[in-house]
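Participant: Give me a 3D structure for the following:
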Amino acid sequence: MLGPRSRSSFSNLIVASLLVAVVGCVGDPPDGPHIDPGDGGSRGDGGPGDGGPNNPDGGPNNPDGGPNNPDGGPTNPDGGPITLECGNRVIQAGEACDDGNTNAGDGCAADCKTVESGWFCDVAGPCTRNVCGDGRTGSTEACDDRNTTPNDGCSATCTIEPGYSCPPGGGRCTAARCGDGIVAGDEECEDNDNPPGSGDGCSDKCRLERGYKCPVPGQACVATTCGDTIVEGTEQCDDGNNNMGDGCSPLCVREPNCSNGSCTAVCGDGVILPGDNSEECDDGNLRANDGCSPECKFEPGFHCETVADDPPPSVEIPIVYRDFIGKGTQDGGTNLEHADFNSMSGDDRGMLANQLGADGKPVYARTDGSHSPTTTSKALFDQWYRDTPNVNKTVVSTLTLARQSSGAYQFSNSNFFPLDGLGWVATKQEKPQNNGHNFSFTSEVRYWFEYKGTEVLEFIGDDDVWVFINDRLAVDLGGVHGAETGSVTLSQRSDLGLQLGKVYDAIVLQAERHTTQSNYKLTLTNFVTRRTKCENSCGDGVVQAPEQCDNGTANNTGGYGQCSPTCTLGPRCGDGVIQSQAGEECDDGNTNNGDACSNACQVIFG
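Facilitator: As a prediction, the model looks like this:
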């Protein structure tokens, strides 16, 4: 038992200890969630920690407030709770945004915990109002394609239009599906095929095929008629005739406008003129969404290059046939027979003048009323290459010249009967001849080229063959004869008036006037023009407008977080749409990691 003096000393010691403790607690500044440093050397208040050696104030492994708590209590520093300073332009844990104020109605809620509808708050600071046309799909929009133009998939009010598919996060819309009966996006037609097929006017990609129009979506396409003066389908022009060199070919395709090497640019003629800057491109058509627009301007999303040194594997040129009824071949009469066919034979060089006429047609050389050895008159010859009712029947087709190993282009056929079953034979007014063939016809082809001084033209044919370069006679094989060969090396013909770098036309005229054989072989060496070749850039692994992504064709597979085959982004974290099936807990329209929704679209707790 302690005596009075001892009890008094012990009481004084307790009071002093309490005073020290009180002073220590009042004087400690807030120090956050850390262990108090000791003030007695390497120890805490009474040793390593107030509760004893190596212990913090509250006891072993415990801070002042108790187990696992800082001095002020759970989640609080010694001096009190940590304050989320909404309005300080710093996005802290627990905040979805911080625009530097605590006002509502400006995109960031007054408590900084939510982004208000119709806004984007991607970074600390002022938020951005979401408007239709800004390229990002907000909470009140179904799509946003960076414009407010209707009929492109995303309407002027950012709703998805019928027949389209639009990326969830914003971007260019595309046709939802070829075969759904709605013409959309890059589609030019929708017929009644399901699944879509080709060869009936509308391809399996829903693009118009040559010679067709598809006026009513969901219904079968119908053939167009080149020559009816109505431009429709894939036609570029229609002047109602079968003449070549008048600006509109017999295939209803625009032709170059050239005279003696001087040309005027014509969009759609497939020729890039040397030194001309009026056309960015010319791919030989007036169709949109193929890389070169109907105005001959580059379109986004394509690789386009002007090529001359990389010739195509084949060249297709128009050819006009005119069918006649030769002597002794009419079926049931003689009134339609033509006196120049199947009636004479022999050489007839010099039949034609050296210059084409103003209408681009050959001119009969005899002007005194006489006739050449194998013809009967100028009047009858003038029918050879002109449409003449009740005299000839015209058939328009194409001639495909395949590229040879030498680089030349060639068409060769030693059994050349392109009108078998056609023309007068088809109407039962002409009897087929040897082996059922249709003889007695003429042909006309025309091809434009940029003169480089290396061109060579070769021809083998029967009967008559003439070649005109720059409207001037270059090869004359006139007459009714067996197969003969003619050629012209342009650099050796100063009489043709050619100048390097200028564009000229080459015309080949042929006539089959006897009923024994028919040969046709045309070889063009270095007859090229500069043209535009465009290829869709989607799939090349390089992102360029209007693509949103491009991982290469093999990797553009679509799906969550992937790039689609059309180079648009699929559903993904950051598109503003919560994809719960993909494990997203949130999606605030961005991939910032410093707000309430992480860059993996998981909720961040403060």
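Participant: What's the separation between residue 572 and residue 140?
Facilitator: Using C-beta to C-beta, to the nearest Å, residue 572 is found at 20 Å from residue 140. Quick note: C-beta positions are derived from backbone N, CA and C, even for glycine.
Participant: With neighbour numbers in mind, choose between these two.
Facilitator: Per other C-beta atoms under 10 Å, whichever of residue 572 and residue 140 has more neighbours is residue 572, with 22 against 11.
Participant: Now the element after the lowest-mean-pLDDT helix or strand in the chain, going C-ward?
Facilitator: When the helices and strands of the chain are scored by mean pLDDT, DSSP states H and E, helix 4-27 comes last with a mean of 39. Next helix or strand after helix 4-27 toward the C-terminus (DSSP states H and E): strand 119-120.
Participant: From the chain's centroid, how far away is that next one?
Facilitator: 33 Å (C-alpha atoms, centre = their mean, to the nearest Å).
Participant: pLDDT of the helix or strand just after it, averaged?
Facilitator: Per DSSP H and E, the first helix or strand lying C-terminal to strand 119-120 is strand 128-129. Mean pLDDT, strand 128-129: 90.
Participant: Ok, stretch 469-487 next?
Facilitator: On average, stretch 469-487 scores 96.
Participant: From the chain's centroid, how far away is it?
Facilitator: For stretch 469-487, the distance to the chain centre is 44 Å (C-alpha atoms, centre = their mean).
Participant: So what would you say the end-to-end distance of that stretch is?
Facilitator: Stretch 469-487 has an end-to-end distance of 12 Å (C-alpha to C-alpha, to the nearest Å).
Participant: Next, the buried residues of that stretch.
Facilitator: Buried residues in stretch 469-487, counted by 16 or more other C-beta atoms under 10 Å: 469-481, 483-484, 486.
Participant: Kindly report the same for stretch 375-390.
Facilitator: Those would be 375, 378, 380-381, 383-388, for stretch 375-390 by 16+ other C-beta under 10 Å.
Participant: go on, stretch 189-201?
Facilitator: Within stretch 189-201, the residues that count as buried by 16+ other C-beta under 10 Å are 189-193, 196, 201.
Participant: same deal with stretch 529-540?
Facilitator: Quick answer for stretch 529-540 (16+ other C-beta under 10 Å): 529-534, 537-539.
Participant: ranges for the helices of the chain?
Facilitator: With DSSP state H, the ranges of helices along the chain come out as 4-27, 378-381, 423-426.
Participant: sorry, back to before: which of the buried residues of stretch 375-390 fall in strands?
Facilitator: Using DSSP state E, no member of the buried residues of stretch 375-390 sits in strands.
Participant: ok, the residues you listed vs residue 230, which is closest?
Facilitator: residue 387 (18.4 Å; C-beta to C-beta).
Participant: can you count the residues close to the residue nearest to that closest one when sequence neighbours are not counted?
Facilitator: Once flanking residues are discounted, residue 387 sits nearest to residue 394: 5.2 Å by C-beta to C-beta, 6 or more residues apart in numbering. Using other C-beta under 10 Å, residue 394 has 16 neighbouring residues.
Participant: Now do the contacts for residue 394.
Facilitator: Listed by C-beta atoms under 8 Å, 6 or more residues apart in numbering, the contact partners of residue 394 are 242, 320-323, 387.
Participant: And these, which two are furthest apart?
Facilitator: 242 and 323 (12.5 Å).
Participant: tell me which of the buried residues of stretch 375-390 is nearest to residue 85?
Facilitator: residue 387 (88.4 Å).
Participant: Now do the same for the closest one: its pLDDT.
Facilitator: pLDDT, read off for residue 387, is 97.
Participant: Next one: it from residue 552, what distance?
Facilitator: For residue 387 relative to residue 552 (C-beta to C-beta), the value is 53 Å.
Participant: What of residue 109?
Facilitator: Counting by C-beta to C-beta - residue 109 and residue 552 are separated by 43 Å.
Participant: So the two - more neighbours on which side?
Facilitator: Legend: neighbour count by other C-beta under 10 Å for residue 109 and residue 552, higher for residue 109 (21 against 12).
Participant: Report the contact partners of the closest residue to that one other than its chain neighbours.
Facilitator: Once flanking residues are discounted, residue 109 sits nearest to residue 116: 6.0 Å by C-beta to C-beta, 6+ apart. By C-beta under 8 Å, 6+ apart, the contact set of residue 116 is 104-109, 127.
Participant: Closest to residue 520 out of the residues you listed?
Facilitator: Comparing every one of these with residue 520 (C-beta to C-beta), the shortest separation belongs to residue 127, at 74.0 Å.
Participant: residues near the closest residue to that closest one other than its chain neighbours, how many?
Facilitator: Spatially, and ignoring its direct neighbours in sequence, residue 127 is nearest to residue 107 (2.6 Å; C-beta to C-beta, 6+ apart). Residue 107 has 20 neighbours, counted by other C-beta under 10 Å.
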